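Student: Let's see this in three dimensions:
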Amino acid sequence: MITYHNAIDKDGRTIHINEITNDNRTEHYYCIGCGEEMRPVLGEVREHHFRHKETHCSWESYLHKLGKRRLKERFDTQEHFIVKINSEYYCDKDGRCKLGLTYRHQGESCNRCFKGELDLKRYYDTCEEEISYEGFRADLLLSNKNDSNIMPMFLEISVSHDCDPKKIASRIPILEIKVTKEEDLECPLEESTCYINFNNPNDPYDHYMLPSIRLYNFPRRFKTNRPLKRFWVSKDNKGILRGFCDENNKTLNCQNVTYTHREDSLYELSVPAEIYIKTTPTNLYELGMIKANLSGIAVRKCNFCTRYSSCIIPYNEEVEDKENREKKVITRRVTIANLSEERIDKVELANICTNYCFDDDYARKITSLYKILPMWEWRK
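Tutor: This is a model prediction of the structure:
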């Protein structure tokens, strides 16, 4: 025997039978499907439920209307509305490029399936019931009232009839939920792992095994674009070569690294942002300075000189006289390695030093450490 676990209270709110207590059981409740009055049954033998006072309505109509109410409530009241969709990363060079081989060695292919996560509240701010769009009527229509460039989306409840093929072919994004019992409406909106034709996002399913959560007309295939970080060398306003790092570049990736360059750079070195060497992030500045010198770009800094740890220089320092509290400048001889970057410009100092000598032994040590790291070098 079918039992109804949800009804509408006197305020028009959907209420579950578990919310009924001795205090509110005598209030008026109405069927979501037909609108007729119902009463809560809270016996000790049978499962608690709502019962029509006179006649039963259509179970299919009840489930369909309940589905629309529940989905709309979830969208309107929750901060996030998460949908998980089967997706795929692909790359035409998988297994052939140096970065792809490195990731494959770590057990992750650049061609791989994954479960994508969409927060629909990022794109839509309005949920309306039984609204028409492009000649089709949606059970629920999601739209963005502030951005007309975002195409609306349909939320469909399937009880006895699945989504119309013409509606699917419209290319309108559709989320369809197959409902056979009330509990189906409380499940996460996550597409089950089944046969997916990633090349046909409009209608991707094997219709002999339709999942209960269906997503039509969503992008599913994404070109792999591994994030990279970049070191580059350019001249400052004094004509001195300096090295720079851009470790938070959100646009540089393995797909565009070969043709995306800075206008001011003379040399560039790009490395993967996600690969660690012995669990340690790449010291990109150190590696870049060494690789630039090995490629013939003579960018200097005291840190990379053979005499760095022993080089002593005169350094003017402002101190306060303890007796009269006056400030004066004194000259001291200080090992340059003990001076911070804020206190002295070690690039400018290296460029005027007649004894500067690039440390080849240190360079070999660092390049050996990073020999398995994929790198993209470019020289103007």
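
Student: Who's the closest spatial neighbour of Phe81, skipping the chain neighbours?
Tutor: In space, not counting the residues next to it along the chain, Phe81 is nearest to Leu120; the distance is 4.4 Å by CB to CB, 6 or more residues apart in numbering. Where C-beta positions appear, they are placed from N, C-alpha and C, glycine not excepted.

Student: Report the contact partners of the one you found.
Tutor: Contacts for Leu120 (CB atoms under 8 Å, 6 or more residues apart in numbering) come out as Phe75, Phe81, Ile82, Val83, Leu142, Met153.

Student: again, but for Ser87
Tutor: Ser87 sits next to Cys113, Phe114, Lys115, Gly116, Phe198, Arg220, Arg221, Phe222 when contact means CB under 8 Å, 6+ apart.

Student: Helix or strand: which one has it?
Tutor: Assessed by DSSP states H and E, Ser87 sits inside strand 82-90.

Student: again with Ala363
Tutor: Ala363 belongs to helix 360-369 when assigned by DSSP H and E.

Student: Now that helix: buried residues?
Tutor: Buried residues in helix 360-369, counted by 16 or more other CB atoms under 10 Å: Tyr362, Ala363, Ile366, Leu369.

Student: Stretch 14-32 now?
Tutor: For stretch 14-32, using 16+ other CB under 10 Å, the buried residues are Thr14, Ile15, Ile17, Ile20, Tyr29, Tyr30, Cys31, Ile32.

Student: How about stretch 211-219?
Tutor: For stretch 211-219, burial by neighbour count (16+ other CB under 10 Å) applies to Pro211, Ile213, Arg214, Leu215, Tyr216, Asn217, Phe218.

Student: so can I have a markdown table of these showing pLDDT, secondary structure and distance to Ile131?
Tutor: Converted to a markdown table, the buried residues of stretch 211-219 look like this (pLDDT from 0 to 100; DSSP: H, G, I helix; E, B strand; the rest coil; distance: CB to CB, whole Å):
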| residue | pLDDT | secondary structure | distance to Ile131 |
| --- | --- | --- | --- |
| Pro211 | 88 | coil | 26 |
| Ile213 | 93 | strand | 22 |
| Arg214 | 93 | strand | 20 |
| Leu215 | 94 | strand | 20 |
| Tyr216 | 94 | strand | 18 |
| Asn217 | 94 | coil | 18 |
| Phe218 | 93 | coil | 20 |
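
Student: Can you classify the closest residue to Asp236 other than its chain neighbours by secondary structure?
Tutor: Using CB to CB, 6+ apart and skipping residues adjacent in sequence, the residue nearest Asp236 is Arg242, 5.4 Å away. Three-state call for Arg242 (DSSP: H, G, I helix; E, B strand; the rest coil): strand.

Student: same question, the one 3 residues further on
Tutor: Here Cys245 is strand, with the state taken from three-state DSSP.

Student: next one: the next helix-or-strand element following the strand holding Ser87 to chain centre, how far?
Tutor: Going down the chain from strand 82-90, the next helix or strand is helix 98-105, by DSSP H and E. Taking the mean of its C-alpha atoms, helix 98-105 sits 22 Å from the chain's own mean (CA atoms, centre = their mean, to the nearest Å).

Student: same thing with stretch 352-363?
Tutor: The answer for stretch 352-363 is 43 Å, by CA atoms, centre = their mean.

Student: Check stretch 262-275 too.
Tutor: Taking CA atoms, centre = their mean, one finds the center of stretch 262-275 at 23 Å from the center of the full chain.

Student: just stretch 360-368 next, same as before
Tutor: How far stretch 360-368 lies from its chain's middle: 37 Å, per CA atoms, centre = their mean.

Student: can you pull the contacts of Lys167?
Tutor: Listed by CB under 8 Å, 6+ apart, the contact set of Lys167 reads Phe136, Phe154, Ile174.

Student: repeat that with 6 Å
Tutor: Residues in contact with Lys167 (CB atoms under 6 Å, 6 or more residues apart in numbering) are Phe136.

Student: after the lowest-mean-pLDDT helix or strand in the chain comes which helix or strand?
Tutor: The least trusted helix or strand in the chain, going by mean pLDDT, DSSP states H and E, turns out to be helix 98-105, with a mean of 75. Counting by DSSP H and E, the next helix or strand C-terminal to helix 98-105 is strand 112-119.

Student: Return the list of strands paired to that following strand, each annotated with direction.
Tutor: strand 82-90 (antiparallel) (DSSP bridges).

Student: Just the mean pLDDT for the strand it pairs with, thanks.
Tutor: Average pLDDT, strand 82-90: 92.

Student: sorry, back to before: can you select the buried ones among the contacts of Ser87 for me in ChimeraX?
Tutor: In ChimeraX, this line selects whichever of the contacts of Ser87 come out buried by 16+ other CB under 10 Å:
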select :116,220
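
Student: what's the nearest residue to Arg214 if we skip its chain neighbours?
Tutor: Closest to Arg214 by CB to CB, 6+ apart is Glu176, at 4.3 Å.

Student: since we're on Ser270, how many residues are nearby?
Tutor: Using other CB atoms under 10 Å, Ser270 has 26 neighbouring residues.

Student: Likewise for Lys10?
Tutor: Neighbourhood size, Lys10 [other CB under 10 Å]: 11.

Student: how deep is the closest residue to Lys84 other than its chain neighbours tucked in, by neighbour count?
Tutor: Using CB to CB, 6+ apart and skipping the chain neighbours, the partner closest in space to Lys84 is Glu190 (4.0 Å). Counted by other CB under 10 Å, the residues lying close to Glu190 total 16.

Student: I'd like the distance between Glu190 and Lys115.
Tutor: Glu190 sits 8 Å away from Lys115, going by CB to CB, to the nearest Å.
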